[in-house]
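Trainee: could you look at this predicted model? Sequence included:
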Amino acid sequence: MKTRRHFLQQLGLSTAVLPFLTGLPGCSGAKVNRQRIIFMFSPNGTIPWEFWPEAEGPEFELKRILQPLTPFKDQLLVLHGVHNKIGGDGDRHMRGMSCLLTGTELFPGNIQGGSDTPAGWAKGISIDQELKNFLQGREETRTRFGSLEFGVAVPNRADPWTRMSYAGPNQPVAPVDDPAQMIRKLYGQMKDRETVSSVLDDVREELTKVSKRLGAEDRALLDQHLSLVRDMEKQLDQAAKQKPKEGHPMPDIDPEIELVNENTPQISRMQIDLLVNAMANDMARIATLQYMRSVGQARMSWLGIEEGHHGLSHEPDDNKKAVEQLIQINEWFCGELAYLVKRLAETREPGGDGSMLDHTLVVWLNELGKGNSHTLEDIPFVLIGGKAHGFVTGRSLKFDKVTHNRLWLSLAHSMGHPIETFGTASHCEGGPLQLGAA
């Protein structure tokens, strides 16, 4: 099989240009039908009556929180009645977060949360890393990174409330929530450089040389890739040059409130653009996109909300102001999801048919069903796209208290990984959820 490194050797190019050529169809020598999965997390539960569709099947209407996904209604699967039944040590936020993708219990530990027993890290691998290992174990699906873990406003701390991805028992994987750091991860490995522009300068001549040998589709993809990196560089440079106004005092911040900057929406879009670009260039086929953390007290001032998110989620249902603010917060998360889906839908599948969304399944999830009850029942799961995975979309499905382990089995099987159990085996009885038949 014609490899990318062989392609570079034929042209006399260095491996420094490899990150920019990874996903070009002409460099792989064969048409490929890729399958990808992106897990997007937002915290602290939802507002059920503004989230779940009333009807089951294809004739459903989107409630207020899901309205940003209206253009993609035919590509949605809204799953109601999927429970996280993992018990054991740790409070429900901890188990909701660290047992979400692992589907198994937490180790005993010394991290105390709420009024429950203290706990440690998860006892098993998460489904994203399980699928990464499966794909990396085969030459035809192996990519440079296997998986990429993106974050947006994830605090600089490590505990079961901040980690959902696990490489194995006691092995949490930290998301990268700084676009500059992610760019260095994706493109800056060949030299210890501080700016993206220096990376581009180093490979400019070689990229010009290789561009002349590419077909029209590959050349257009390469141009798009380089344009995005240049745009990212400009945005990061501008952000670095911005200084606080003289005489502007720092506000008094409640220590329980986590600082979430006004540029968080900009960071979110940059991370999404980097994620889509990395997948378009086949750097990875599995990704996580984590917004903030479980129990997070993010204060989303760009929405006009000054209260901490977790505190709001504890307010009773008759507090209409708090409920309205929580709806707005969840609408914002859904809007970011819609932007991710739009970017995938408008990007042609490199070397394949249709759009990237046809080959990418996006899974939106949360650690709780509802914040003020701390329930692990009716976790809000929304699946979007992924025509290549064989699921029948454009439906609202209602299940009878099924375990979320069975959902992860469905995803694994859709990727050609027919495992019989995942996480705690007793929660896998009944096998994969049937998502492929109308």
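Mentor: All right, it came through fine.
Trainee: who does the residue nearest the centre of the chain bridge with?
Mentor: Closest to where the C-alpha atoms of the chain average out (Cα atoms, centre = their mean) is residue 289, at 2.5 Å. Note on residue 289: beta-bridge partners by DSSP bridges are residue 40, residue 150.
Trainee: per-residue pLDDT of it, please?
Mentor: Note for residue 289: predicted pLDDT of 98.
Trainee: which parts of the stretch 1-150 of the chain are strands?
Mentor: Using DSSP state E, counting those that start in this stretch, the strands found in the stretch 1-150 of the chain span residues 36-41, 76-83, 146-152.
Trainee: skip the chain neighbours and tell me the closest residue to residue 303.
Mentor: Excluding its sequence neighbours, the residue lying closest to residue 303 (Cβ to Cβ, 6 or more residues apart in numbering) is residue 328, at 5.4 Å. To be clear about C-beta, it is placed using only N, CA and C from the backbone, and glycine gets the same treatment.
Trainee: isn't the one you found right up against residue 309?
Mentor: No: contact status for residue 328 versus residue 309: not in contact, 10.9 Å apart, counting by Cβ atoms under 8 Å.
Trainee: who's more crowded, those two?
Mentor: Applying other Cβ atoms under 10 Å to residue 328 and residue 309 shows that residue 309 carries more neighbours, namely 25 against 15.
Trainee: for that one, which non-adjacent residue is spatially closest?
Mentor: Closest residue to residue 309 apart from its sequence neighbours, by Cβ to Cβ, 6+ apart: residue 298 at 4.8 Å.
Trainee: am I right that that neighbour is in contact with residue 154?
Mentor: No: using Cβ under 8 Å as the test, residue 298 is too far from residue 154 to be in contact (10.1 Å).
Trainee: between the two, what contacts are shared?
Mentor: Shared contacts of residue 298 and residue 154 (Cβ atoms under 8 Å, 6 or more residues apart in numbering): residue 292.
Trainee: assign the residue nearest to residue 303 to helix, strand or coil.
Mentor: Three-state call for residue 328 (DSSP: H, G, I helix; E, B strand; the rest coil): helix.
Trainee: one more: residue 398?
Mentor: Secondary structure, three-state DSSP: residue 398 is strand.
Trainee: roughly how far apart are it and residue 323?
Mentor: Residue 398 sits at a distance of 24 Å from residue 323 (criterion: Cβ to Cβ, to the nearest Å).
Trainee: ok, the two, which is more surrounded?
Mentor: Taking neighbours as other Cβ under 10 Å, residue 398 and residue 323 compare with residue 323 leading, 18 against 14.
Trainee: circling back to that earlier point, contact partners for the residue nearest to residue 309?
Mentor: Contacts of residue 298 by Cβ under 8 Å, 6+ apart are 153, 258, 260, 292, 308, 309.
Trainee: ok, back up a step: could the strands of the stretch 1-150 of the chain go into JSON lines alongside distance to residue 95 and mean neighbour count?
Mentor: Below are the strands of the stretch 1-150 of the chain laid out as JSON lines (distance: least, Cβ to Cβ, whole Å; neighbours: other Cβ atoms under 10 Å):
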{"stretch": "strand 36-41", "distance to residue 95": "15", "mean neighbour count": "26"}
{"stretch": "strand 76-83", "distance to residue 95": "12", "mean neighbour count": "21"}
{"stretch": "strand 146-152", "distance to residue 95": "21", "mean neighbour count": "24"}
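Trainee: any chance of those strands in a markdown table, plus mean pLDDT and distance to residue 365?
Mentor: Listed next are those as a markdown table, based on pLDDT from 0 to 100; distance: least, Cβ to Cβ, whole Å:
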| stretch | mean pLDDT | distance to residue 365 |
| --- | --- | --- |
| strand 36-41 | 98 | 6 |
| strand 76-83 | 98 | 10 |
| strand 146-152 | 97 | 15 |
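Trainee: could you dump those to JSON lines with distance to residue 347?
Mentor: As requested, the strands of the stretch 1-150 of the chain are exported to JSON lines (distance: least, Cβ to Cβ, whole Å):
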{"stretch": "strand 36-41", "distance to residue 347": "12"}
{"stretch": "strand 76-83", "distance to residue 347": "19"}
{"stretch": "strand 146-152", "distance to residue 347": "16"}
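Trainee: so which of those comes closest to residue 335?
Mentor: strand 36-41 (12.0 Å; Cβ to Cβ).
Trainee: quick revisit: partners of the residue nearest to residue 309 in the sheet?
Mentor: Per DSSP bridges, the residues bridged to residue 298 are residue 258.
Trainee: gap between it and residue 88?
Mentor: 28 Å.
Trainee: again with residue 397
Mentor: When distance is defined by Cβ to Cβ, residue 397 is 28 Å away from residue 88.
Trainee: quick one, phi psi at the residue lying closest to residue 87 once chain neighbours are set aside?
Mentor: Leaving out its chain neighbours, the residue that sits closest to residue 87 by Cβ to Cβ, 6+ apart is residue 105, at 7.0 Å. The phi/psi pair for residue 105 (degrees, to the nearest 10) reads phi -70, psi 170.
Trainee: just residue 164 next, same as before
Mentor: According to degrees, to the nearest 10, residue 164 has phi -120, psi -20.
Trainee: you'd agree it is up against residue 96?
Mentor: No: here residue 164 does not reach residue 96: they are 9.4 Å apart, not a contact under Cβ under 8 Å.
Trainee: for the closest residue to residue 377 other than its chain neighbours, name its beta-bridge partners.
Mentor: Leaving aside its chain neighbours, residue 377 sits nearest to residue 83 (4.7 Å; criterion: Cβ to Cβ, 6+ apart). Beta-bridge partners of residue 83, counted by DSSP bridges, are residue 403.
Trainee: separation between residue 83 and residue 361?
Mentor: 21 Å.
Trainee: ditto for residue 36
Mentor: 7 Å.
Trainee: just the helices in the stretch 1-150 of the chain please.
Mentor: 4-11, 18-21, 25-28, 92-98, 127-136 (DSSP state H, counting those that start in this stretch).
Trainee: least confident of those, on average?
Mentor: Mean pLDDT per stretch puts helix 4-11 lowest among these, at a mean of 60.
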